[in-house]
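Visitor: The sequence isn't on hand, but the structure is:
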């Protein structure tokens with residue numbers, strides 16, 4: 001029984017400090033859809049992203065997070081084409097191909113649209129793990145000739161539990177603990193996220209909220225004083241092309257508010273060369289300095305790497321915080337060779 005009481009104590013501390021909070025990724029400027037269901041489908045492509053973040057590398061049981069997201073504009077009219085061609089193989093007579101290193105797709109405005117997507121997230125610290133799966137829908141409304149306003153909502157389930165393979169017992173024959181793992185070590189909840197986004201070809205701003213239902217944390221059928229706290233996000237980015245150069249500077253910010261937790265604010269700039277390569281520097285006030293680099297490659301893939309350096313008053317045993325992001329961009333296929341042959345026949 002002492003084992004279970006010890007687990008409850010640690011469980012309560014960690015869930016209050018960590019598991020109730022949404023995972024935080026430094027490369028938020030590359031995938032706003034992760035925390036805002038209204039931010040998907042801004043380009044006329046299918047975008048799939050994978051992200052992985054590991055803190056304090058080299059120490060057993062330190063926090064690590066993994067996510068997968070995907071989103072696209074959809075049409076309820078089967079005759080309507082919602083995707084644009086994007087860096088596809090040209091299929092011309094001399095077998096040319098699209099550029100291996102390519103420019104990122106641009107934000108598209110001017111037409112109302114429906115967008116659907118989904119997100120899977122796994123968050124782990126020590127033996128405690130939170131896994132969630134959400135599906136989303138958003139409607140993008142033409143706000144003016146050159147701006148769009150989108151409203152989005154996502155719904156799904158989250159599971160918070162203990163991984164028995166990560167727990168080390170002094171008494172391997174603890175029956176009470178075994179029964180606890182079988183019957184009470186997991187909690188599954190239903191939850192909602194929502195957000196709005198306002199964007200144009202040169203900017204993107206948004207406000208969103210996650211864990212809207214503020215579910216209670218329940219341990220062995222006992223409702224604790226802890227909750228899955230509601231999160232609020234406000235973010236923005238603006239593209240500033242430098243005249244006579246191929247460089248675009250993209251200042252960006254992210255503010256995050258969680259009940260009974262410190263206010264978090266990120267401020268940085270992304271430097272983009274020719275729409276293909278980028279580097280980023282940002283500061284999370286009172287916490288860390290972030291450096292990141294990335295590029296688009298192999299005709300439809302994107303890659304980003306970020307590294308955090310602790311700068312706050314809270315001392316860390318290791319500065320090694322790494323984050324990887326891999327994306328896939330899919331557009332409409334087009335067979336130009338076949339089109340040319342058809343034109344010749346006409």
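Guide: Received it, and whenever you're ready, just let me know what you need. Because the structure is predicted, anything quoted here is derived from the model rather than measured. Residues are numbered from 1 along each chain as shown.

Visitor: what about residue 110, neighbour count?
Guide: Residues contacting residue 110 under the criterion other Cβ atoms under 10 Å number 12. From N, CA and C alone the C-beta is placed, and that goes for glycine too.

Visitor: residues contacting it?
Guide: 142, 145, 146, 148 (Cβ atoms under 8 Å, 6 or more residues apart in numbering).

Visitor: got the phi/psi numbers for it?
Guide: In terms of degrees, to the nearest 10, the main-chain angles of residue 110 are phi 110, psi -20.

Visitor: how far away is it from residue 252?
Guide: 24 Å (Cβ to Cβ, to the nearest Å).

Visitor: next one: residue 107
Guide: Residue 107 sits 14 Å away from residue 252, going by Cβ to Cβ.

Visitor: What of residue 235?
Guide: To residue 252, residue 235 is 7 Å away according to Cβ to Cβ.

Visitor: ok, residue 281 to residue 48 distance?
Guide: Per Cβ to Cβ, residue 281 is found 27 Å from residue 48.

Visitor: neighbour-wise, which of the two wins?
Guide: Taking neighbours as other Cβ under 10 Å, residue 281 and residue 48 compare with residue 48 leading, 18 against 12.

Visitor: okay, and the helix or strand of the protein with the least pLDDT?
Guide: helix 2-14 (a mean of 47; mean pLDDT, DSSP states H and E).

Visitor: next helix or strand past that one?
Guide: Proceeding N to C from helix 2-14, the next assigned helix or strand is strand 46-54, under DSSP states H and E.

Visitor: Could you give the separation of that next one from the chain centroid?
Guide: Computed by Cα atoms, centre = their mean, to the nearest Å, the chain-centroid distance of strand 46-54 equals 7 Å.

Visitor: Tell me which other helices or strands it touches.
Guide: Helices and strands touching strand 46-54, by 3 or more Cβ pairs under 8 Å, 6 or more residues apart in numbering; DSSP states H and E, are strand 64-74, strand 321-330.

Visitor: Okay, and residue 303 sits in which element?
Guide: strand 301-310.

Visitor: Direction included, what does that strand pair against?
Guide: Take DSSP bridges as the rule and strand 301-310 pairs in its sheet with strand 288-297 (antiparallel), strand 321-330 (antiparallel).

Visitor: closest one to residue 32 among those strands?
Guide: When the strands paired with strand 301-310 are compared by Cβ to Cβ, strand 321-330 sits nearest residue 32, at 12.8 Å.

Visitor: Give the buried residues for the closest one.
Guide: By 16 or more other Cβ atoms under 10 Å, the buried positions in strand 321-330 come out as 321, 322, 323, 325, 327, 329.

Visitor: Turn the strands paired with strand 301-310 into JSON lines, columns for distance to residue 68.
Guide: Listed next are the strands paired with strand 301-310 as JSON lines, based on distance: least, Cβ to Cβ, whole Å:
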{"stretch": "strand 288-297", "distance to residue 68": "18"}
{"stretch": "strand 321-330", "distance to residue 68": "10"}
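
Visitor: Just send these back as TSV, with mean pLDDT and distance to residue 27 too.
Guide: Listed next are those as TSV, based on pLDDT from 0 to 100; distance: least, Cβ to Cβ, whole Å:
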stretch	mean pLDDT	distance to residue 27
strand 288-297	96	6
strand 321-330	95	5
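
Visitor: so what's the closest residue to residue 125 other than its chain neighbours up against?
Guide: Among residues not flanking residue 125 along the chain, residue 63 sits closest, at 4.5 Å (Cβ to Cβ, 6 or more residues apart in numbering). Listed by Cβ under 8 Å, 6+ apart, the contact partners of residue 63 are 18, 53, 54, 55, 56, 123, 124, 125.

Visitor: Mind picking the one among those that's closest to residue 272?
Guide: residue 53 (22.5 Å).

Visitor: That closest one pairs with what?
Guide: In beta-bridge terms (that is, DSSP bridges), residue 53 pairs with residue 65, residue 323.

Visitor: now swap in residue 309 and tell me
Guide: Here residue 309, judged by DSSP bridges, has bridge partners residue 289.

Visitor: shouldn't it be in contact with residue 287?
Guide: No. Counting by Cβ atoms under 8 Å, residue 287 is not a contact partner of residue 309; they are 10.1 Å apart.

Visitor: Comparing these two, which residue is more hemmed in?
Guide: residue 287 (18 against 12).

Visitor: That one contacts residue 311, doesn't it?
Guide: Yes. Residue 287 lies in contact with residue 311 (Cβ under 8 Å); the separation is 6.6 Å.

Visitor: Check the secondary structure at residue 204 for me.
Guide: strand (DSSP: H, G, I helix; E, B strand; the rest coil).

Visitor: Can you give me the pLDDT of it?
Guide: Looking at residue 204, its pLDDT stands at 98.

Visitor: repeat for residue 155
Guide: pLDDT for residue 155: 98.

Visitor: chain center to the helix or strand hosting it: distance?
Guide: Applying DSSP H and E as the criterion places residue 155 in strand 147-162. Relative to its parent chain, strand 147-162 has a centroid offset of 11 Å by Cα atoms, centre = their mean.

Visitor: part of a helix, is residue 243?
Guide: No. Going by three-state DSSP, the assignment for residue 243 is coil, not a helix.

Visitor: How much space separates it from residue 270?
Guide: For residue 243 relative to residue 270 (Cβ to Cβ), the value is 18 Å.
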